[in-house]
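A.B. asks: Following is a predicted model, sequence given first.
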Amino acid sequence: MTLVGELLQRDDWSREELLEHQRRRRDELIAHAVEHSPYYREVLGSGDPPVLTKQTLMDQWDRIVCDPRLKRDEVAAHAAGAHAAEPYLGEFQVFSTSGASGLRGLFVYGARDWEMVVAHTMRAVARTGARPGDRTIGIGAPPGVHMSQRLFGRMQSAGDVPRLSALTPLPEMVAALNDFQPEILLGYPSVVALLAAEQMAGRLRIAPRIMALGSEPLTIEVREKVQQAWGYEPGEWYAATEAPTLGSSTPDHPGAVELFEDRFVVEIVDEYDRPVPPGTAGAKVLVTNLELRALPLIRYELADRVVESPDPNPAGRPYRHLAAIDGRTADTLTFPARAGGTVSVLPLRLGGPFAGLPHVRQFQIVHDPGGLEVRLVLDPNAARETPAIVRAAVLRVLEEAGAVPPAVVVTPVAELEREPGAAAKLKLIVSRT
C-alpha cells in the first residue's frame, strides 16, 4: 500500500485510536529532539514544553535544528540565492516566509519530512474526490522559497500545465486557464476572487469540478463569488509553511475544516496560552508538527485566530473541526492602472520581495490617500541601504502589476503597529483609502 493509502485509512480510526497514535508520535518526537537538539535538551527537562515563538525560533535556530550541517546564515543565504528551489546540500527543502506575524521565518524539511508532506497533501486532495489523471493546476506563490508552488508542482497534471502563480498578470492567467480547462483548481482565495469576477464577466470560461483554497482566510465574500461564478462552494485548506495542510474540508461538508490530528497536535489558546473551549475564538494556535525531524516545531505559535466547532464532526471522522479561521489578515490594495481604470495588487505580491531580504525582520505596508508607507523592523546588522532597496523593490512590484505607483516612504521602526481591540492582531498590509 502507498503512503497516501495508509494515511487515508486513518480516516476510519476511532477517536481513541487517533489519540493513542498522537501520544506515541509526540513521545517519539520529543525523544528525538532531546537527543539531537541542544535547545530542546535544555527546555524539555521537566514539565510541558514551552511555547516556541517565531522570534525564539530565529534567535535559537542553530540550537534547534537536529542536523549539525544546518546553519541559519548558510541556509538563509541559500534561500535568498538563485537556486533556492533546489534542495540544500542535495537533501533539504528550504522555505522562507513572513507569515502572519510579519517576522521572517526560515524552515527546512529533510527528505523524509518532505515526502510525508507531499503524501499528506495528496491525501487531502484525494479526499476531495480527485481522481488520477484529473487536469489539476495550482496557482500559488512564484517558484522559490514559498512552499505552495513546490507542493502544487507535485499535485499538478504532467505535461501541458501552464506555469502560473499569484503574480501572473490577470489577463495572462485567464488566457492560460481558458486554454488548459482545469478540472481541479488549487490556490489562494484572493486570486480566485479575481478569477470569479473574470468568469462572471465572461472573459474566463472554465468549469472546475473541484476547487480547494487556502493559505489565506476563505471569507464569506469569496465563497459568495465562487458560488455566483461556478455554482458550488469551494473547499477550504488551513495551511502554513510550518504545518502544511493543517486542516481541510471536503465537498460534502465544505464548512467543516477537519484538523489532521494524526500529524499535528493543535492547541487553540488565548493570549496567555490557556486553552479556550470549543465555540470560543482563540488568540493564537500552538502547533506541534509530529513528523518534522530536521527542525522540530513543538508548541510552535501561529498568529491565527480560529474557532473549534462544539459540534460533532459532520463527516463522521475522528478529527476535531473548525467553525472559523481568521488568520494572516492582509488587505488587497487598489491603485490607478497605467492602462486606465484600476488594478488590484494582492498581499502575496506586495510581500513577495521581503522573503529575499534576510535583514528585514518584520514589515508592514500601510496604504492611505498620501501613498504607501513601508514600516521595517531591521536586524541590527542590516546594511544602511536596506530601506532604499526595499523602496525600489516595492516600486518594482507595483510597476510590474501595471499600477501607477503612489509615493512610497520607507520607515525603520522599533516595532509594528497592531490593530486596535483586545486581540491586537497584526495586519501586515493595511488599506486606509
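C.D. replies: Everything's here; your move.

A.B. asks: What ranges does the stretch 51-200 of the chain have for its helices?
C.D. replies: 54-59, 61-64, 72-79, 111-127, 147-155, 170-180, 189-200 (DSSP state H, counting those that start in this stretch).

A.B. asks: Kindly report the same for the stretch 251-400 of the chain.
C.D. replies: Counting by DSSP H, counting those that start in this stretch, the stretch 251-400 of the chain forms helices over residues 347-351, 386-400, given from the N-terminal end onward.

A.B. asks: rank the ones you listed by mean pLDDT and give me the bottom one.
C.D. replies: Note on the helices of the stretch 251-400 of the chain: lowest mean pLDDT is at helix 347-351, with a mean of 71.

A.B. asks: coming back round to it: return the most buried member of the helices of the stretch 251-400 of the chain.
C.D. replies: helix 347-351 (a mean of 23; mean count of other C-beta atoms under 10 Å). All C-beta spots, glycine's among them, are computed from the backbone N, C-alpha and C.

A.B. asks: thinking again about what came up before, nearest to residue 121, of the helices of the stretch 251-400 of the chain?
C.D. replies: Residue 121 lies closest, by C-beta to C-beta, to one member of these: helix 347-351, at 19.1 Å.

A.B. asks: what residue ranges in the stretch 251-400 of the chain are flagged as low confidence?
C.D. replies: Low-confidence segments of the stretch 251-400 of the chain, defined by pLDDT under 70: 326-331, 347-348, 355-356, 358.

A.B. asks: and residue 208, what does it touch?
C.D. replies: Listed by C-beta atoms under 8 Å, 6 or more residues apart in numbering, the contact set of residue 208 reads 182-185, 230.

A.B. asks: just those residues now: which is nearest residue 7?
C.D. replies: When the contacts of residue 208 are compared against residue 7 (criterion: C-beta to C-beta), the nearest one is residue 184, at 18.8 Å.

A.B. asks: Do I have it right that the closest one meets residue 131?
C.D. replies: No: taking contact to mean C-beta atoms under 8 Å, the distance of 9.1 Å between residue 184 and residue 131 leaves them out of contact.

A.B. asks: So between those two, which is more surrounded?
C.D. replies: Per other C-beta atoms under 10 Å, whichever of residue 184 and residue 131 has more neighbours is residue 184, with 22 against 11.

A.B. asks: For that one, which residues are in contact?
C.D. replies: Residues in contact with residue 184, defined by C-beta under 8 Å, 6+ apart, are 125, 128, 130, 134-137, 208-212.

A.B. asks: Packing partners of the helix or strand hosting residue 23?
C.D. replies: Using DSSP states H and E, the secondary-structure element containing residue 23 is helix 15-36. In terms of contacts (3 or more C-beta pairs under 8 Å, 6 or more residues apart in numbering; DSSP states H and E), helix 15-36 is packed against helix 38-43.

A.B. asks: most remote residue from the chain's center?
C.D. replies: For the chain, the largest distance from the centre (C-alpha atoms, centre = their mean) belongs to residue 340, which lies 32.9 Å off.

A.B. asks: For the helices of the stretch 251-400 of the chain, give me CSV that also has distance to residue 240.
C.D. replies: Converted to CSV, those look like this (distance: least, C-beta to C-beta, whole Å):
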stretch, distance to residue 240
helix 347-351, 14
helix 386-400, 23
